[in-house]
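Asker: what's the 3D shape of this:
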Amino acid sequence: MSVENEKQEVIVVDIKMPFMSMVIFMVKFAIASIPAMIILGIIFSVLGVLFGGMFHGMGRM
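Answerer: Numbers count the residues shown, from 1 in each chain. Modelled structure (predicted):
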């Protein structure tokens, strides 16, 4: 049996991290999520326009 095929499980019990480091990490995470939200907003807007146009056109028949 090779080493690559062995299943290894890890259980994280505790993370010791200074408070200010955690605050800085969370602020960076929030700032990094802004572009993702903008991209998702654009995608959902385009889909809304497409489906809205389709269903609006179906109502005229």
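Asker: okay, and Asp14 sits in which element?
Answerer: Assigned by DSSP states H and E, Asp14 belongs to no helix or strand.
Asker: give me the neighbour count for it.
Answerer: Using other CB atoms under 10 Å, Asp14 is surrounded by 5 other residues. For every residue, glycine as well, the C-beta is placed using N, CA and C.
Asker: could you export stretch 54-61 as PDB, CA atoms only?
Answerer: Taking C-alpha atoms only, stretch 54-61 is exported to PDB below (Å, rounded to 0.1, in the frame of the first residue of the first chain):
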ATOM      1  CA  MET A  54     -38.200  35.400 -21.600                       C
ATOM      2  CA  PHE A  55     -41.100  35.300 -19.100                       C
ATOM      3  CA  HIS A  56     -42.300  38.800 -20.100                       C
ATOM      4  CA  GLY A  57     -42.300  37.600 -23.800                       C
ATOM      5  CA  MET A  58     -44.200  34.500 -22.800                       C
ATOM      6  CA  GLY A  59     -47.000  36.500 -21.200                       C
ATOM      7  CA  ARG A  60     -47.800  38.300 -24.500                       C
ATOM      8  CA  MET A  61     -48.700  35.100 -26.400                       C
END
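Asker: residue closest to the middle of the chain?
Answerer: With distances taken as CA atoms, centre = their mean, the chain has Ala36 as the residue nearest its mean C-alpha position (7.2 Å).
Asker: got the phi and psi for it?
Answerer: phi -60, psi -40 (degrees, to the nearest 10).
Asker: cool, and the one 10 residues further on?
Answerer: As for Val46, its main-chain torsions (degrees, to the nearest 10) stand at phi -60, psi -40.
Asker: from Met37, how far out is it?
Answerer: 15 Å (CB to CB, to the nearest Å).
Asker: then Gly57?
Answerer: Taken as CB to CB, the span from Gly57 to Met37 is 30 Å.
Asker: what does Phe44 give?
Answerer: Going from Phe44 to Met37 by CB to CB gives 10 Å.
Asker: which regions of the protein lie under the pLDDT threshold?
Answerer: Scanning the chain for pLDDT under 70 picks out 1-4, 60-61.
Asker: how about the helices in it?
Answerer: 19-59 (DSSP state H).
Asker: count of residues packed around Val10?
Answerer: 4.
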